[in-house]
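*Asks:* pasting the structure only:
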Ligand SMILES: O=P(O)(O)OC[C@H]1O[C@](O)(COP(=O)(O)O)[C@@H](O)[C@@H]1O
Ligand SMILES: [Mg+2]
Ligand SMILES: [Mg+2]
């Protein structure tokens, strides 16, 4: 058995065993190395594909056949695949997240989301994301871990290298809410909206700014790795929309990335929004739809939304004069 199944709802065990089995095989492949970061083309949405993106996609797709999955939507496929007409589940997957880190031996991952299957792929996936019945990710890092929720807290599994199976190590993980770390790709500063700039300006201003607190910054460029850090020690992540062409709705995909991460984060006691509204109150209108994403400790995520309600004079003010937000 590729994963300890005692805490997994019975109807999801075949699919979770298939996901865990493919992830364990992928972990071995990643450890072995080779030319996994070679460019091999572009996917349907115009993203560059690396060799490992394609290999991972094939591995999960093969593994999920015969695991009770009726529909499979992958970041790497233009349309959802019909797997098993009798299957009761619909799975959305980012088979390999953080592709830019393959060459550099930095943590990468797999993100997945599970819904009850409906008669069409559209009805199965284009629905309020709060209707997920399972969501999780695998992080291929110094340790290979799976974090998953079935709507009753977050479970953490570790891949045991001796048995090749995921072992439950924490049945109800909660996220610390006192951290002074933020994660954002700061090279896009000039493209951000005023409220996002104002929020980050006030973090960067540290003890001399209106928050009167020093903050630290991290950016790994692997959503799974940022999520894992935030689940482990708190903080906030932002991938906002910005003024670049193609980034009107940020970079990350609602179905394969934002919805499952939002589900996990809420289950761990945090909050996830598109900067203002909860991700889990929204539905994708297309399989590959993107959305801005802000998630982490509840109070920090609420603060980002509050910056969007400030009058223009306040968000434009130099941080020294922005009086509303003391830490
Ligand atoms: O290179 P950028 O713009 O900082 O974007 C980094 C983000 O893009 C991603 O790599 C997108 O995911 P993929 O690698 O699955 O395309 C996220 O993991 C990460 O948070
Ligand atoms: Mg991704
Ligand atoms: Mg990907």
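*Replies:* It's in. None of the values given here were measured: they were computed from a predicted structure. Ligands and ions are numbered 1, 2, ... in the order given.
*Asks:* What strand or helix carries residue 122?
*Replies:* Using DSSP states H and E, residue 122 sits in helix 121-125.
*Asks:* and that helix, what's its mean pLDDT?
*Replies:* In this model, helix 121-125 has a mean pLDDT of 98.
*Asks:* Let the chain start at 398 from now.
*Replies:* All right, first residue 398 from here; so that's helix 518-522.
*Asks:* hmm, who's touching that helix?
*Replies:* For helix 518-522, the surrounding residues in contact (C-beta atoms under 8 Å, 6 or more residues apart in numbering) are 467-468, 470, 476-477, 479, 487, 489, 512-515, 652, 681, 684. Where you see a C-beta, it was placed from the backbone N, CA and C, and this is true even at glycine.
*Asks:* Quick one: buried ones out of the residues you listed?
*Replies:* Using 16 or more other C-beta atoms under 10 Å as the burial test, the contacts of helix 518-522 include 467-468, 470, 477, 487, 489, 512, 514, 652, 681, 684 as buried.
*Asks:* Could you list every helix and strand that the next helix or strand after the helix holding residue 519 packs against?
*Replies:* Past helix 518-522, further along toward the C-terminus, the next helix or strand under DSSP H and E is strand 531-537. If you count contacts as 3 or more C-beta pairs under 8 Å, 6 or more residues apart in numbering; DSSP states H and E, strand 531-537 packs onto helix 410-429, strand 505-513, strand 541-546, helix 620-630, helix 656-664.
*Asks:* tell me the angle of strand 531-537 relative to helix 410-429?
*Replies:* 20 degrees (axes from the mean of the first three to the mean of the last three C-alpha atoms, to 10 degrees).
*Asks:* Strand 531-537 - what's its average pLDDT?
*Replies:* For strand 531-537, mean pLDDT rounds to 98.
*Asks:* Can you mark which positions in it are buried?
*Replies:* Buried residues in strand 531-537 (16+ other C-beta under 10 Å): 531-537.
*Asks:* out of these, who's nearest residue 616?
*Replies:* residue 536 (16.4 Å; C-beta to C-beta).
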